[in-house]
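Q: Provided below for reference: sequence and predicted model.
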Amino acid sequence: NYCLFIFFFPRLLMGPICRHQELMPQFSATGKMPNYENMSMGLYIFFIGLCKRVVVADTFGIYVGYGFSSPAPLTFVEGWITSLSYTFQIYFDFSGYTDMAIGSAYFFNIKLPFNFNSPYLSLNIRDFWRRWHITLSSFLKDYIYIPLGGSRKGEIVTAMNILFTFLLAGLWHGAGWTFIVWG
């Protein structure tokens, strides 16, 4: 059971963060017969993810590559185009990969949690974080923020818990100083 959970390939590399108690009951409940409705849904979600990744993210990647490799300083407009393109490239790349993982899992009658809910349509930063990388946010909240006391121990402790949780989120994404500062 442990190996099945760890090595289930659709969620292994880029897939959403799944908890053992969410995933393992689905393996027990799935029948041996293929579910063509799930396969159809999986194919649909997989190809949406593939289009996000290959068509949209790679198109933004062209502008990002130009902006980051330009030997001359960028103009104001070029800088904004590069920055926004990088932002959208990251989103569509990661969202596309997770959609592909979710779609692949549907072929096995396994439903992985969705990871993004149109974060760039958010009205504020709090709403953005509720919609962006939902499974990581949930993991950090349940295993870091709440065990530290969450918001129950006063404003100073709450602020420290938030800073520590975001610091770990930065370290999760990479081990460089830029990721720590980002966190």
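A: The structure has been received and is ready for your questions. Numbers count the residues shown, from 1 in each chain.
Q: And the helices in this protein, which stretches?
A: Remark: helices assigned in the chain by DSSP state H are 2-7, 9-12, 20-29, 36-51, 58-69, 76-106, 125-131, 134-140, 155-173, 177-182.
Q: Would you tell me which of these gets closest to F116?
A: Shortest distance between F116 and the helices of the chain, using Cβ to Cβ, is found for helix 76-106: 4.7 Å. In this view, the C-beta of every residue, glycine as well, is placed from N, C-alpha and C.
Q: Just checking the distance from that closest one to the centre of its chain.
A: Computed by Cα atoms, centre = their mean, to the nearest Å, the chain-centroid distance of helix 76-106 equals 10 Å.
Q: Run through the neighbouring helices and strands of that helix.
A: helix 9-12, helix 36-51, helix 58-69 (3 or more Cβ pairs under 8 Å, 6 or more residues apart in numbering; DSSP states H and E).
Q: picking up where we left off before, weakest of the helices of the chain by average pLDDT?
A: Mean pLDDT is lowest for helix 9-12 among the helices of the chain, at a mean of 73.
Q: Can you give me the neighbour number for N35?
A: 15 (other Cβ atoms under 10 Å).
Q: Tell me the spacing between it and Q26.
A: Here N35 is placed at a distance of 12 Å from Q26 (Cβ to Cβ, to the nearest Å).
Q: ok, now I125?
A: Counting by Cβ to Cβ, the gap from I125 to Q26 is 34 Å.
Q: which one of the two has more residues nearby?
A: Neighbours per residue, other Cβ under 10 Å: of I125 and Q26, the larger number sits with Q26, 15 against 8.
Q: In contact with that one, which residues are there?
A: With contacts defined as Cβ atoms under 8 Å, 6 or more residues apart in numbering, Q26 is in contact with N109, I110, K111.
Q: In terms of pLDDT, where does the closest residue to F164 other than its chain neighbours sit?
A: Of all residues not flanking F164 in the chain, L148 sits nearest, at 6.7 Å (Cβ to Cβ, 6 or more residues apart in numbering). L148 carries a pLDDT value of 93.
Q: got the contact list for L148?
A: Counting by Cβ under 8 Å, 6+ apart, L148 touches V157, N161, F164, T165.
Q: Noted, bye for now.
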